[in-house]
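Colleague: Return a 3D structure for these sequence lines:
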Amino acid sequence: MDNDITKSSKRGKFNPAKLPRTEIRTHCISVRLNEEELSILNNKRGPYKKGEWLRMASLNKLPPVLPEINRVAWTELGRLAQGLNHLLTPLDSKSPHSELTRTELFALRRQIKTLRDHLIPSTFLEQDK
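Modeller: Below is the predicted model:
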């Protein structure tokens, strides 16, 4: 039997013949909340029904919460990746035996450093020194 309690209803009135008797949910617990508590519950439960979320919370089976994407960082990393692609296009067209010029090396090094600075938080960079 699947242990994910969010995938199916186990209330008695939804075809209880398919579930073992011990797994049918027949007990109902009522809870009263003030406006602030209800607001907190509604913010935390996401797409789940209130009772379903309270059951999952009480059984320590809440689904993982994915953080919201940092749109500024996403845009900046996209810009940096595009810059690297612009640098790589002429390098890819060079013959395999030709060496990189100092200008090409400098531009590539600078772009990689900028990308690295955005990927690695400054606290890690300070620890490396």
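Colleague: all helices of this structure, in order?
Modeller: Along the chain, counting by DSSP state H, helices occupy 35-45, 50-58, 71-93, 102-119, 122-128.
Colleague: Pick the most buried one from these.
Modeller: Mean neighbour count (mean count of other Cβ atoms under 10 Å) peaks for helix 50-58 among the helices of the chain, with a mean of 15. Glycine gets a C-beta too; all of them are placed from N, C-alpha and C.
Colleague: relative orientation of that one and helix 35-45 in degrees?
Modeller: Using axes from the mean of the first three to the mean of the last three Cα atoms, to 10 degrees, the inter-axis angle of helix 50-58 relative to helix 35-45 is 80 degrees.
Colleague: Mind listing residues that contact helix 50-58?
Modeller: Residues from elsewhere that reach helix 50-58 (Cβ atoms under 8 Å, 6 or more residues apart in numbering): 5-6, 31, 41-42, 44-46, 48, 62-63.
Colleague: Now find how far off-centre it is within its chain.
Modeller: How far helix 50-58 lies from its chain's middle: 22 Å, per Cα atoms, centre = their mean, to the nearest Å.
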